[in-house]
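**Q** Need a 3D model of the sequence below.
(chains A and B)
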Number of protein chains: 2
Amino acid sequence: MKRSERLVAMTNYLINHPRRLVSLPFFSEQYDAAKSSISEDLDIVDQMFKAQGIGKLETVAGAAGGVKYIPLYSNENSEQFINELCNRLEDPARILPGGYLFMSDLLGDPELMRNLGKIFATAFADKEIDYIVTVATKGIPLAYATANILNVPVIIVRRDPKVTEGSTVSINYVSGSSRKIQTMVLSKRSLPEGSNVCIIDDFMKAGGTITGMQSLLKEFNANVQGIGVLAEAEDEEEERVVNDYISLIKIQDVDIKGNKIEALKGNYFDL
Amino acid sequence: MKRSERLVAMTNYLINHPRRLVSLPFFSEQYDAAKSSISEDLDIVDQMFKAQGIGKLETVAGAAGGVKYIPLYSNENSEQFINELCNRLEDPARILPGGYLFMSDLLGDPELMRNLGKIFATAFADKEIDYIVTVATKGIPLAYATANILNVPVIIVRRDPKVTEGSTVSINYVSGSSRKIQTMVLSKRSLPEGSNVCIIDDFMKAGGTITGMQSLLKEFNANVQGIGVLAEAEDEEEERVVNDYISLIKIQDVDIKGNKIEALKGNYFDL
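**A** Model prediction:
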């Protein structure tokens, strides 16, 4: 196989196996090339990934060594992407009764989800994460998009137990926005004791749902390593109960009378 | 930029933009290379994609022409992949009370979902599809994985209306397995009239849920171009009400007493 062909095959392999350690002998055998040629190929891939702002190759030395593709979304790209998304959110046609925003079309767009997943994965790149946890339904695509890049499984917390989940652990919590007592359940066998998890959700007001997830995760002795929400908005009636989180968008104001929405970059860009 | 560098960048671009028409001048400008060089690059990429069994480049001639990356999962790869998945499903520890199977761990595995999405996308590659439709909750990851490859949005049918969806259309249907009357809702503004859709779900017994989705979609004058389920199982008490569908796995038998499960390839491999 020629170098040009190898580069296409290797790029494809690495992109489809993020954060997976791949040994040089594996590539060597797969593409029938000397280890020295493979090393040179990997240098080219690494340089191009960095130049394109899509990540880097991490080299692990030693007998059990190899390379890992670490996808990253540059800060510049992220900021541009989120600014465009804010513009789309500011469309007054999104305003729903009660001052809620219609976002299902955005959450249904797979390319948008892929990019948001890359941004979350970049935000949590240095954390030790075994699982992404989200709550049904709207957080699911974001959770998978992030998990795709971090190469870890997704655990879905549900509002109601289902027979196909087996035995479950459940908790009650008070929802911030509706102030109703709600239930959350998680299948007992889905999350091993003491796992490191990252919570991903689409929207946070006072943070009741996230607090509920934290309580539920405590039952599994899980360590919450990070919390990421796509959009946050202030709750007029209740103070925020979650502090240590990352938001990509801040819904500053939904003015129903004036038919205006103000969406800004979230706290991820404050640093 | 050297050819070797261009190939890495172009491979990455194409993989991240499946089924999108990319003009040659775009690549030419992006990578500062003559159109003839870009053409040669694309030939190399096309050959390698075919050799690796991951798809092909489709050329569209003319002034508005260019290339499209059509991801495909070869039949050989699909069959091997599904056979391995069947083995994992046959683990007796998956048997739940009532003869249900625990599958949430599999549905939470992003790499597995990516591959299943590629298989579904290959199965429906020749259909005209504008949207993937699924029902909350378990079908969602499969729907997004398929939508990622087909490059179309996902629409999620819910069991209960939510304020953040705006006005909805709802129908009642009879669930095959539980024989209870259930409700399904879809946000009115999520699906334009007369769209071509593909239904994706995780599991089908008698097919009550799928029939429910079909009825709901009729309210939107949608044309169901295809139906894909990960696993099908026979319902002992009720006959199947859905006929034209693709299944990747067939759960032949769940023997609770004997603690045995038999999982086989689905009808997708019958042809």
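
**Q** buried ones in stretch A:262-271?
**A** Taking 16 or more other CB atoms under 10 Å in any protein chain shown as the basis for neighbour counts, the residues of stretch A:262-271 that come out buried are A:263, A:265-266, A:268-269. Backbone N, C-alpha and C define where each C-beta goes, glycine included.

**Q** same question but for stretch A:188-208, I mixed them up
**A** Going through stretch A:188-208 with 16+ other CB under 10 Å, the ones that come out buried are A:189-191, A:195, A:197-208.

**Q** low pLDDT regions in chain A?
**A** When residues are selected by pLDDT under 70, those of chain A lie in A:176-178.

**Q** Could you chop it up by domain?
**A** A:3-71, A:75-270 (automatic domain parsing).

**Q** okay, these, which one's buried deepest?
**A** Comparing the domains of chain A on average neighbours per residue, with mean count of other CB atoms under 10 Å in any protein chain shown, the densest one is domain A:75-270 at a mean of 19.

**Q** That domain and chain B in contact?
**A** Yes - applying CB under 8 Å from any CB of the partner chain, one finds that domain A:75-270 is in contact with chain B at A:96-98, A:100-105, A:108-111, A:113-114, A:136-138, A:140-141, A:144-145, A:147-148, A:151-156, A:158, A:163-166, A:187, A:189-190, A:203.

**Q** Tell me the secondary structure at the most centrally placed residue in chain A.
**A** Nearest to the centroid of the C-alpha atoms of chain A, with distances taken as CA atoms, centre = their mean, sits A:Thr146, at 3.0 Å. Judged by DSSP: H, G, I helix; E, B strand; the rest coil, the three-state class of A:Thr146 is helix.

**Q** tell me the contacts of it?
**A** Contact analysis of A:Thr146 by CB atoms under 8 Å, 6 or more residues apart in numbering or on different chains lists A:116-117, A:120-121, A:124, A:132, A:198, A:200, A:228.

**Q** Inside strands: which ones of those residues?
**A** For the contacts of A:Thr146, the ones inside strands are A:132, A:198, A:200, A:228, with DSSP state E as the criterion.

**Q** Adding distance to B:Ser28, write these out as CSV.
**A** Shown next, in CSV, are the ones in strands among the contacts of A:Thr146 (distance: CB to CB, whole Å):
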residue, distance to B:Ser28
A:Ile132, 39
A:Cys198, 41
A:Ile200, 39
A:Gly228, 38
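
**Q** Identify the bridge partners of the residue lying closest to A:Val22 once chain neighbours are set aside.
**A** The shortest distance from A:Val22 to any residue that is not its chain neighbour, by CB to CB, 6 or more residues apart in numbering or on different chains, is 5.0 Å, and that residue is A:Gly66. As for beta bridges, A:Gly66 partners with A:Val60 under DSSP bridges.

**Q** Run a quick check on A:Gly66 versus A:Arg20, I expect a contact.
**A** No - checked against CB atoms under 8 Å, the pair A:Gly66 and A:Arg20 is beyond contact range at 9.1 Å.

**Q** Let's see the distance spanning stretch A:167-180 from one end to the other.
**A** Taking CA to CA, to the nearest Å, stretch A:167-180 runs 25 Å from one end to the other.

**Q** returning to that earlier point: reformat the domains of chain A as a markdown table; add distance to B:Ala34.
**A** Compiled in a markdown table, the domains of chain A are given as follows (distance: least, CB to CB, whole Å):
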| stretch | distance to B:Ala34 |
| --- | --- |
| domain A:3-71 | 16 |
| domain A:75-270 | 28 |
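
**Q** With respect to B:Tyr73, which of those domains lies nearest?
**A** Between B:Tyr73 and these, the tightest spacing by CB to CB is seen for domain A:3-71, at 11.8 Å.

**Q** Enumerate every residue touching A:Thr209.
**A** A:Thr209 is in contact with A:135, A:173, A:175-176, A:201, counting by CB under 8 Å, 6+ apart.

**Q** Pretty sure it sits in a strand.
**A** No - when the secondary structure is assigned by three-state DSSP, A:Thr209 falls in helix instead of a strand.

**Q** ok, back up a step: right, and the domains of chain A - which one's nearest B:Gly258?
**A** Minimum separation from B:Gly258 across the domains of chain A (CB to CB) falls at domain A:75-270, 19.6 Å.

**Q** picking up where we left off before, A:Ser247: which of the buried residues of stretch A:188-208 is nearest?
**A** Using CB to CB, the shortest approach to A:Ser247 within the buried residues of stretch A:188-208 belongs to A:Met204, at 7.1 Å.

**Q** Show me the beta-bridge partners of that closest one.
**A** A:Glu232.

**Q** That one contacts A:Tyr245, doesn't it?
**A** Yes - proximity of A:Met204 to A:Tyr245 meets the contact threshold set by CB under 8 Å, at 7.1 Å.

**Q** hang on, the earlier thing: out of the domains of chain A, which is closest to B:Leu42?
**A** Within the domains of chain A, the stretch nearest B:Leu42 is domain A:3-71; the backing value is 10.5 Å (CB to CB).

**Q** Tell me the gap between the closest one and the middle of its chain.
**A** In terms of CA atoms, centre = their mean, to the nearest Å, the centre of domain A:3-71 is set 24 Å apart from its chain centre.

**Q** coming back round to it: which member of the ones in strands among the contacts of A:Thr146 is positioned nearest B:Asp43?
**A** Checking these against B:Asp43 with CB to CB, the nearest one is A:Ile132 at 39.3 Å.

**Q** Next step: the residues of domain A:75-270 next to chain B restricted to helices.
**A** Cross-referencing these against helices under DSSP state H gives A:104-105, A:110-111, A:113-114, A:140-141, A:144-145, A:147-148.

**Q** Next, the contact list for the residue nearest to A:Val22, please.
**A** Listed by CB under 8 Å, 6+ apart, the contact partners of A:Gly66 are A:21-24, A:26, A:59-60.

**Q** With secondary structure as extra columns, can I get these in JSON lines?
**A** Written out in JSON lines, the entries for those read as follows (three-state DSSP):
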{"residue": "A:Leu21", "secondary structure": "coil"}
{"residue": "A:Val22", "secondary structure": "strand"}
{"residue": "A:Ser23", "secondary structure": "coil"}
{"residue": "A:Leu24", "secondary structure": "helix"}
{"residue": "A:Phe26", "secondary structure": "helix"}
{"residue": "A:Thr59", "secondary structure": "strand"}
{"residue": "A:Val60", "secondary structure": "strand"}
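
**Q** Out of those residues, give me the two with the largest separation.
**A** A:Phe26 and A:Thr59 (14.4 Å).

**Q** which residues touch the closest residue to A:Asp109 other than its chain neighbours?
**A** Excluding the flanking residues, the one nearest A:Asp109 by CB to CB, 6+ apart is B:Pro153, at 5.4 Å. Remark: with contacts taken as CB under 8 Å, 6+ apart, B:Pro153 is in contact with A:105, A:108-110, B:131-132, B:147.

**Q** Now that A:Met114 has come up, it's in contact with B:Ile15, right?
**A** Quick fix: residue A:114 reads Arg, not Met. No - using CB under 8 Å, A:Arg114 is not in contact with B:Ile15; the gap is 11.1 Å.
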